[in-house]
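Q: need a 3D model of the following:
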Amino acid sequence: MRSRKLASMLRRLFHTVAITARAVARAVLRPRDLALENLALRQQVASLAAKPHPRPDRFDRVFWSLLASLWPSWPHSLAFVQPATVIRWHRAGFRLFWRFKSRRHGRPPIDDDLRILITRLATENPTWGAPRIHGELLKLGFAVAQTTVAKYMPKRSPTPASPSPTWSTFLKLHLDGAVGIDFFDIPTATFDVLRGFAILDHTRRKLLHLGVTKHPTAEWTANQLRQAFDFADPPRLLFRDRDSIYGSTFTGTVSALGIQEVISAPHSPWQNPFAERVIGSIRRDLLDHVIVLNERHATKLLREYQSAYYNSSRTHLGLDKDTPEPRPVQPPNPNDVILGFPILGGLHHRYERRAAA
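A: Numbers count the residues shown, from 1 in each chain. As a prediction, this is how the structure comes out:
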């Protein structure tokens, strides 16, 4: 009887010592090991909570195979399977990897360097689709089809077609000498809302002017027109909506410049499609990825977007993959290297050929 009590006491003592030793070891763990242990435990809890009858799925196998290759102490935090099971998963993944890598399907349709470049452009510019990357490659002298570019990059959802082909035909017939204007909202870090104002040339899809203000008025809007247009050579037509900001002062300025206004019907933004489209581009290319601090910060960002990216670097679908300010094609040269020049802090890039050093 005494031996049983002694054995029970020894077991409890050893269990207490083991728990204490583990707690001390965790206390002196490096931050990296502690973070990995926390990640491992959270993954197991999430996996067990998500399934009524917990069984390791593909994600669990991949997760623990990768964790085992990065963290030497992974078996101590594993609870829902045996360490040998993870080793078996890792070996199975190893076989699949080399089976995939050793496949042979004949000669690849394009060079490996070009495939790497397509991946690089798609990675460095996550908002670019296949047409935009294809236009950039054409400017670098690569004779490759857009469908090939799409094959080697993540798929993008197609852009919806225009709902009014009749109005679109009218606009195409009046592109020369026409501009479109519109306002757009710019949220700030302090939860204020600034108002941006865009003036777009329809002929070359060129941004003529971008302005920002917190309190737009008819006088301020008319002044934006004076800054954008030369009195000696103003556009013929100005497309706009029925925003109440366009008051008598604005209308008088437009008339003094000799411009005819084309006002869209109520609730018909598609009648000013080019201005609507460029505002969407400004959002997707810039505003959706930054936190604007104030009016001065917004003005600086929009001016850099206009001059350094949109007008001179960004290829346009409506211009046969050219830029609003025409960009020369750089013919291929085996001695050249392709360099990426960051724009807007690396949000976008412009690629050019340079002679290898």
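Q: for stretch 193-208, buried residues please.
A: Buried residues in stretch 193-208, counted by 16 or more other Cβ atoms under 10 Å: 194-202, 204-208. Backbone N, C-alpha and C define where each C-beta goes, glycine included.
Q: now swap in stretch 286-295 and tell me
A: Across stretch 286-295, burial judged by 16+ other Cβ under 10 Å covers 286, 287, 292, 295.
Q: measure the residue nearest to residue 281 when sequence neighbours are not counted to residue 142 for me?
A: Of all residues not flanking residue 281 in the chain, residue 310 sits nearest, at 7.3 Å (Cβ to Cβ, 6 or more residues apart in numbering). Residue 310 sits at a distance of 23 Å from residue 142 (criterion: Cβ to Cβ, to the nearest Å).
Q: between these two, who's got more neighbours?
A: residue 310 (27 against 20; other Cβ atoms under 10 Å).
Q: remind me which residues of the stretch 51-200 of the chain are low pLDDT?
A: 51-91, 94, 101-109, 154-175 (pLDDT under 70).
Q: what about the helices in it?
A: Here the stretch 51-200 of the chain has its helices, by DSSP state H, counting those that start in this stretch, at 58-70, 83-101, 112-124, 130-139, 146-151, 165-173.
Q: rewinding a little: in strands, which of the buried residues of stretch 193-208 fall?
A: Of the positions in the buried residues of stretch 193-208, 194, 195, 196, 197, 198, 199, 200, 201, 206, 207, 208 sit in strands, assigned by DSSP state E.
Q: so who does the fifth one touch?
A: By Cβ atoms under 8 Å, 6 or more residues apart in numbering, the residues touching residue 198 are 181, 182, 183, 184, 207, 209, 210, 275, 278, 279, 282.
Q: any chance of those residues in a markdown table, plus distance to residue 224?
A: Converted to a markdown table, these look like this (distance: Cβ to Cβ, whole Å):
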| residue | distance to residue 224 |
| --- | --- |
| 181 | 8 |
| 182 | 12 |
| 183 | 10 |
| 184 | 13 |
| 207 | 13 |
| 209 | 6 |
| 210 | 9 |
| 275 | 13 |
| 278 | 15 |
| 279 | 15 |
| 282 | 16 |
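Q: among the residues you listed, which one lies nearest to residue 250?
A: Each of the contacts of residue 198 was checked against residue 250 using Cβ to Cβ; the closest is residue 181, at 9.8 Å.
Q: burial check on that closest one, number of neighbours?
A: Considering only other Cβ under 10 Å, residue 181 is surrounded by 25 other residues.
Q: what sits against it?
A: With contact set as Cβ under 8 Å, 6+ apart, residue 181 has these partners: 197, 198, 199, 200, 238, 239, 240, 275.
Q: kindly provide the distance from the second one to residue 340.
A: Okay, so that is residue 198. Counting by Cβ to Cβ, the gap from residue 198 to residue 340 is 27 Å.
Q: can you put the buried residues of stretch 286-295 in a markdown table and add secondary structure and pLDDT?
A: Shown next, in a markdown table, are the buried residues of stretch 286-295 (DSSP: H, G, I helix; E, B strand; the rest coil; pLDDT from 0 to 100):
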| residue | secondary structure | pLDDT |
| --- | --- | --- |
| 286 | coil | 93 |
| 287 | helix | 93 |
| 292 | strand | 93 |
| 295 | helix | 95 |
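Q: ok, those vs residue 266, which is closest?
A: Nearest member of these to residue 266, counting by Cβ to Cβ, is residue 287, at 26.7 Å.
Q: next up, phi/psi of residue 203, please.
A: Backbone torsions of residue 203, given as degrees, to the nearest 10, read phi -60, psi -50.
Q: can you check residue 316 too?
A: phi -120, psi 130.
Q: give the contact list for the residue nearest to it when sequence neighbours are not counted.
A: Using Cβ to Cβ, 6+ apart and skipping residues adjacent in sequence, the residue nearest residue 316 is residue 205, 5.2 Å away. Residue 205 is in contact with 274, 278, 316, 318, 319, 324, counting by Cβ under 8 Å, 6+ apart.
Q: what about stretch 193-208, how long is it end to end?
A: Between the start and the finish of stretch 193-208 there is a gap of 23 Å, counting by Cα to Cα, to the nearest Å.
Q: reformat the ones in strands among the buried residues of stretch 193-208 as JSON lines; add distance to residue 218.
A: Shown next, in JSON lines, are these (distance: Cβ to Cβ, whole Å):
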{"residue": "194", "distance to residue 218": "18"}
{"residue": "195", "distance to residue 218": "13"}
{"residue": "196", "distance to residue 218": "17"}
{"residue": "197", "distance to residue 218": "12"}
{"residue": "198", "distance to residue 218": "17"}
{"residue": "199", "distance to residue 218": "16"}
{"residue": "200", "distance to residue 218": "20"}
{"residue": "201", "distance to residue 218": "23"}
{"residue": "206", "distance to residue 218": "25"}
{"residue": "207", "distance to residue 218": "22"}
{"residue": "208", "distance to residue 218": "19"}
